[in-house]
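Participant: Provided below are the primary sequence and the corresponding predicted coordinates.
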Amino acid sequence: MPSSNSRYAQGSRLAADAPIGTPSPVPGARSDAVKEAPDSRTDGTRAKPQPADARSVQSILERSFLPGAEEDVAIANDAAPKRAGFAYATTIRRSVKIALGVGLVVAFGWAPLRAMLATTSVEAIVNARIETIRSPIEGIVQTPAEKTASWSSTAPPRLVVVDPYADRSRLDELRRELNTLESQKQTLERESQLTQTALDAIDVQAEKYRTGRFKLIDARLAAQTAELQAATAKTAQATASKRRSDHLQRTGDISGAESDRVQYEWSAATSAEAAAEKRLEETKVERDAIADGVFIGDSYNDAPSSAQRETELKLKKGELDAQLAAVRTQIRDVGDQISAEDERYRRRSEALVGLPTKGRLWEILVGPGEYVNKGQDLLRVLNCSHPIVSASVDERVYNRLEVGSPATFQPLQDGKAYHGSVINLTGAAGAPGNLAVPPITMRKSPFYVTIAMDDMGEAGCSIGRTGTVTFGEDDAASTHAGSESRGPLKGSISRG
């Protein structure tokens, strides 16, 4: 071990060589004897350190020559890497804890914070409009045997008003008129049928007469043709006799009386032949006329009695058909009038009172079997076909809303979200008085909003059911709905 003198000399050298203000090589030792004072010169050189006083030098020497100082320095040098590793591990652990804490804060605090910052209602309840059902006619009220106070998935109950004293005189008059026309129609149809039968018979008779007339004229033509041929033959004979008589008379071999007789016979034969030709021509004209439908004779003008009767029957048949067509038209018109009048009578005598497709009885004003007047109030029902939500909001939210703004209603009971839109902004004036729950009963905020919901099903008739309305797009509504599942937040209403 070095002597104390050598250590003293070594310490003196260290103290003399070391600049004043530098740290001591011994851990924990600090040289505070000399302080560096910056020089105000601009050449960039540092000022020389100021010499230390006697007390500082003595303190340095004592710390330098303490027993075990060198061993402490070695131990401090060995522990330095361990302390550095421990400090690094500590820093890592602290960073992980900080990151985990931030993550928990974001996970459990961001969604509620968004819900608190969302545009929500102060109070919100399911509401519906009350409709007053009035009697469409006067009569007796008839209700079904089953008692149905609420209907949403089933058909609404049948409420019927029957008037046993409804006026049906016009309907009876039209039916009597229809019966009269039906009788006329049957009569005209029968007459037309009989006329057609007689016309068919007379037509057959006229055709037979025409055929017989043709045969008769053909036979007459044949006879007249034969007569003409006979007359022609006689004329030829008389002509030959006349030529011989004329020759004999010139020679004087015949007497004058004989010549006159021959001349007479020739004149008679010639006239008979001409008459036969005329009769044959007359018969041909008559036949040609019959072929054209015109009958020429001595005892009638242009048609026989059967043809004239046929013409009369055709005219009568046409008149009957025209009358029958007119009666059928009247029957069709009266039938249409009867249908319309019967429909009016059924509406006057019995009326089915229309009820909403989804609703609930709110107040019954008349009983079964009671006689009511037209327009009298029968009952009041909740119209759940178009459910609405009445909400109250604060002034800040109210000033941001507009008619048509999207909204989402979430009941507190089941947490299901229903979408709709704002249809009315009434502010402090309240809402129409035909709502089941007046919005003025919500007293936490005086600004009232009405929201029309798209479809709430059976929940649309849950009048007074509380919940929360979130105004804005669907993503904000869904976030708010997720936060609501963990507990009530700002704007939610709990049942009292």
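Facilitator: Sure, I can see it.

Participant: for the stretch 51-200 of the chain, give me the ranges with low pLDDT.
Facilitator: Applying pLDDT under 70 to the stretch 51-200 of the chain flags the ranges 51-54, 57-58, 60-86, 107-118, 145-148, 152-153.

Participant: going along the chain, name the helices of it.
Facilitator: For the stretch 51-200 of the chain, the helices defined by DSSP state H, counting those that start in this stretch cover 54-64, 69-117, 169-251.

Participant: dump the ones you listed to JSON lines, plus distance to residue 151.
Facilitator: For glycine as for every other residue, the C-beta is placed from the backbone atoms N, C-alpha and C. As requested, the helices of the stretch 51-200 of the chain are exported to JSON lines (distance: least, Cβ to Cβ, whole Å):
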{"stretch": "helix 54-64", "distance to residue 151": "101"}
{"stretch": "helix 69-117", "distance to residue 151": "37"}
{"stretch": "helix 169-251", "distance to residue 151": "35"}
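
Participant: can you list those in a markdown table and add distance to residue 468 and mean neighbour count?
Facilitator: Shown next, in a markdown table, are the helices of the stretch 51-200 of the chain (distance: least, Cβ to Cβ, whole Å; neighbours: other Cβ atoms under 10 Å):
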| stretch | distance to residue 468 | mean neighbour count |
| --- | --- | --- |
| helix 54-64 | 74 | 15 |
| helix 69-117 | 9 | 11 |
| helix 169-251 | 60 | 14 |
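
Participant: for the stretch 351-496 of the chain, which segments count as helices?
Facilitator: Under the criterion DSSP H, counting those that start in this stretch, the stretch 351-496 of the chain contains helices at 395-400, 474-484.

Participant: comparing these, which gets the lowest mean pLDDT score?
Facilitator: In terms of mean pLDDT, the lowest-scoring of the helices of the stretch 351-496 of the chain is helix 474-484 (a mean of 41).

Participant: relative to residue 472, which of the helices of the stretch 51-200 of the chain is closest?
Facilitator: helix 69-117 (11.1 Å; Cβ to Cβ).

Participant: mind naming the longest strand for the protein?
Facilitator: In the chain, assigned by DSSP state E, the strand with the most residues is strand 377-393.

Participant: strands paired with that strand, and their directions?
Facilitator: Its sheet considered, strand 377-393 pairs with strand 123-134 (antiparallel), strand 359-364 (antiparallel), strand 447-453 (antiparallel) by DSSP bridges.

Participant: got the ones you listed as a markdown table, with distance to residue 287 and mean neighbour count columns?
Facilitator: Listed next are these as a markdown table, based on distance: least, Cβ to Cβ, whole Å; neighbours: other Cβ under 10 Å:
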| stretch | distance to residue 287 | mean neighbour count |
| --- | --- | --- |
| strand 123-134 | 90 | 21 |
| strand 359-364 | 95 | 17 |
| strand 447-453 | 98 | 22 |
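
Participant: and those: which comes nearest residue 156?
Facilitator: Among the strands paired with strand 377-393, strand 359-364 sits nearest to residue 156 (Cβ to Cβ), with 6.7 Å.

Participant: distance between the closest one and the chain's centre?
Facilitator: With Cα atoms, centre = their mean, to the nearest Å as the basis, strand 359-364 stands 29 Å off its chain's centre.

Participant: give me the below-cutoff pLDDT ranges for the stretch 351-496 of the chain.
Facilitator: For the stretch 351-496 of the chain, the stretches flagged by pLDDT under 70 are 430-433, 473-496.

Participant: ignore what I typed, I meant the stretch 201-350 of the chain.
Facilitator: Applying pLDDT under 70 to the stretch 201-350 of the chain picks out residues 295, 297-303.

Participant: so which of the helices of the stretch 51-200 of the chain gets nearest residue 349?
Facilitator: So among the helices of the stretch 51-200 of the chain, helix 169-251 is nearest, using Cβ to Cβ, at 10.3 Å.

Participant: hang on, the earlier thing: for residue 349, which of the strands paired with strand 377-393 is the nearest?
Facilitator: strand 123-134 (17.9 Å).

Participant: send me the closest one as PDB with only the CA atoms.
Facilitator: Extracted C-alpha coordinates of strand 123-134, given in PDB (Å, rounded to 0.1, in the frame of the first residue of the first chain):
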ATOM      1  CA  GLU A 123     -87.200  14.300 -23.100                       C
ATOM      2  CA  ALA A 124     -88.900  12.000 -25.700                       C
ATOM      3  CA  ILE A 125     -92.000  10.000 -25.700                       C
ATOM      4  CA  VAL A 126     -93.900   7.800 -28.200                       C
ATOM      5  CA  ASN A 127     -97.100   9.700 -29.200                       C
ATOM      6  CA  ALA A 128     -99.900   9.300 -31.700                       C
ATOM      7  CA  ARG A 129    -102.700  11.400 -33.100                       C
ATOM      8  CA  ILE A 130    -106.200  10.900 -31.800                       C
ATOM      9  CA  GLU A 131    -108.900  10.600 -34.500                       C
ATOM     10  CA  THR A 132    -112.500  11.200 -33.900                       C
ATOM     11  CA  ILE A 133    -114.700   8.600 -35.700                       C
ATOM     12  CA  ARG A 134    -118.000  10.000 -36.800                       C
END
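
Participant: how far does it sit from its chain's centre?
Facilitator: In terms of Cα atoms, centre = their mean, the centre of strand 123-134 is set 26 Å apart from its chain centre.

Participant: now stretch 243-259
Facilitator: 125 Å.

Participant: may I have that stretch as CSV, with CA atoms only?
Facilitator: Output of stretch 243-259 as CSV, limited to C-alpha atoms (Å, rounded to 0.1, in the frame of the first residue of the first chain):
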residue,chain,number,x,y,z
ARG,A,243,-152.9,-15.6,-157.3
ARG,A,244,-154.8,-18.3,-159.2
SER,A,245,-158.0,-16.3,-158.9
ASP,A,246,-156.4,-13.2,-160.3
HIS,A,247,-155.0,-15.2,-163.3
LEU,A,248,-158.4,-16.8,-164.0
GLN,A,249,-160.1,-13.5,-163.7
ARG,A,250,-157.9,-12.0,-166.4
THR,A,251,-158.6,-14.9,-168.7
GLY,A,252,-162.4,-14.7,-167.9
ASP,A,253,-162.5,-18.3,-166.6
ILE,A,254,-163.9,-17.4,-163.2
SER,A,255,-166.8,-15.4,-162.1
GLY,A,256,-166.6,-12.2,-160.1
ALA,A,257,-168.3,-13.6,-157.1
GLU,A,258,-165.7,-16.4,-156.8
SER,A,259,-162.9,-13.9,-157.2
